[in-house]
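K.L.:
Predicted model and sequence below, questions to follow.
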Amino acid sequence: MRKMPLDKRDITDSRLVLGCMGFGGAWDNSPITAEDEKKAERGIETALEVGIRMFDHADIYTRGKAEKVFGNWLKKNHDIREQIVIQSKCGIRFAEDNIPGRYDFSRDYILQSVDGILDRLGTDYLDILLLHRPDPLMEPEEVAEAFERLKESGKVRNFGVSNMNAGQMKLLQAYIGTPLVVNQLEMSVKKLDWVDQGVHVNQPAGRESHFAEGLLEHCMLHDIQIQAWSPLAKGIYSGGMEPVTEAEKSSAALVAKLAEEKGTTREAIVLGWLMRHPANIQPVIGTTDPERIKHCQDAVRQASLMTRDEWYSLYVTSRGHRLP
């Protein structure tokens, strides 16, 4: 039995996370099909085979159907619940009638969302609940009250955020009694602003940075697990998409060369590059293809083997221009 509450070691036991956004079929109100169920089963079971024990959800993924098909699998494999980590996210609301899509961190909406998540997943608790995107109308007292109720009821064991900057996290943390354990951000060999932001200190290029200053360091200082969404950059370096720019083509060629030299897959190189960073980044892989999931399993080893020269070669090649 896993101890409660979850600690940092439990979260990082699985250096890779399977993102479940692709489960459940179309992003509409169409019913779940038998093929949708099989696709989820194949993805989950392949992940477990290669040692992935953590699964990432959100209440909006395929409008709740991703959680539903995972829950259907979990009902048939209920003995495994205490051996895996399940996290989900809430706070994004779809457009309806004349109301636009928006974010909602109100107490009642968070509580209502968690009840729906647990019902669809068919479980009594979430290991981690993330607030999905920053809500400009967030009142931290309300969030704190929701978190406290969820913690006391046993419905959620740990809390985190997604796509938040350091200031937003500090504000929230000042009101809640439990530490935030995760921040999920877009990071990859292609999405480099998280690296560039630090490199461009005192440089004109720093004015073009779109990554929050000090965020990486804040998470590292406070032992907050950084998770990377879209870490494979939609497969642009591993055959999922065709490279377009010269930097993409050069990077894809370098990834392929490194994979061949090291006897591994291109996916493992791309993920290993992320995981080589001292921030101990935890990639959330979004593929549902069993073969591609298997291709990711060597990433941990490749991270440990990647040299500084190799890491910088990929970084600078992807930038498309030399460092300042």
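P.N.:
Here it is on my side, so go on. Computed from a predicted structure; not experimentally measured.

K.L.:
where in the stretch 1-150 of the chain is pLDDT low?
P.N.:
1-13 (pLDDT under 70).

K.L.:
Could you tell me how many residues sit around His210?
P.N.:
9 (other CB atoms under 10 Å). Bear in mind the C-beta positions are built from the backbone N, C-alpha and C, glycine included.

K.L.:
Show the contacting residues for the closest residue to it other than its chain neighbours.
P.N.:
In space, not counting the residues next to it along the chain, His210 is nearest to Asp193; the distance is 5.2 Å by CB to CB, 6 or more residues apart in numbering. Asp193 is in contact with 209-211, counting by CB atoms under 8 Å, 6 or more residues apart in numbering.

K.L.:
Ser251 versus Asp193, what's the distance?
P.N.:
16 Å (CB to CB, to the nearest Å).

K.L.:
can you check Glu139 too?
P.N.:
Glu139 is 43 Å from Ser251, by CB to CB.

K.L.:
Which one's more surrounded, the two?
P.N.:
Ser251 (26 against 13).

K.L.:
Quickly find the element holding Val69.
P.N.:
helix 65-76 (DSSP states H and E).

K.L.:
hmm, who's touching that helix?
P.N.:
Against helix 65-76 from outside (CB under 8 Å, 6+ apart): 20-25, 32, 36-37, 39-41, 44, 55, 57-59, 61, 80-81, 88, 117, 120-123.

K.L.:
Convert that helix to PDB, retaining C-alpha atoms only.
P.N.:
The C-alpha coordinates for helix 65-76 follow below in PDB (Å, rounded to 0.1, in the frame of the first residue of the first chain):
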ATOM      1  CA  LYS A  65     -14.800  10.400 -22.300                       C
ATOM      2  CA  ALA A  66     -11.000  10.000 -21.800                       C
ATOM      3  CA  GLU A  67     -11.600   9.600 -18.000                       C
ATOM      4  CA  LYS A  68     -14.600   7.400 -18.700                       C
ATOM      5  CA  VAL A  69     -12.700   4.800 -20.800                       C
ATOM      6  CA  PHE A  70      -9.900   4.800 -18.300                       C
ATOM      7  CA  GLY A  71     -12.500   4.200 -15.600                       C
ATOM      8  CA  ASN A  72     -14.000   1.300 -17.500                       C
ATOM      9  CA  TRP A  73     -10.500  -0.300 -17.700                       C
ATOM     10  CA  LEU A  74      -9.900   0.400 -14.000                       C
ATOM     11  CA  LYS A  75     -13.100  -1.400 -13.100                       C
ATOM     12  CA  LYS A  76     -11.700  -4.600 -14.700                       C
END
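
K.L.:
got the buried residues for that helix?
P.N.:
Neighbour-count burial for helix 65-76 flags 65-74 (criterion: 16 or more other CB atoms under 10 Å).

K.L.:
In JSON lines: those residues, plus distance to Leu48.
P.N.:
JSON lines is the format used below for those (distance: CB to CB, whole Å):
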{"residue": "Lys65", "distance to Leu48": "21"}
{"residue": "Ala66", "distance to Leu48": "17"}
{"residue": "Glu67", "distance to Leu48": "18"}
{"residue": "Lys68", "distance to Leu48": "19"}
{"residue": "Val69", "distance to Leu48": "16"}
{"residue": "Phe70", "distance to Leu48": "13"}
{"residue": "Gly71", "distance to Leu48": "16"}
{"residue": "Asn72", "distance to Leu48": "16"}
{"residue": "Trp73", "distance to Leu48": "11"}
{"residue": "Leu74", "distance to Leu48": "12"}
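
K.L.:
of those, closest to Leu232?
P.N.:
Ala66 (18.3 Å; CB to CB).

K.L.:
now the contacts of Asp193 in JSON lines, with distance to Asp223?
P.N.:
Listed next are those as JSON lines, based on distance: CB to CB, whole Å:
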{"residue": "Ser209", "distance to Asp223": "25"}
{"residue": "His210", "distance to Asp223": "26"}
{"residue": "Phe211", "distance to Asp223": "20"}
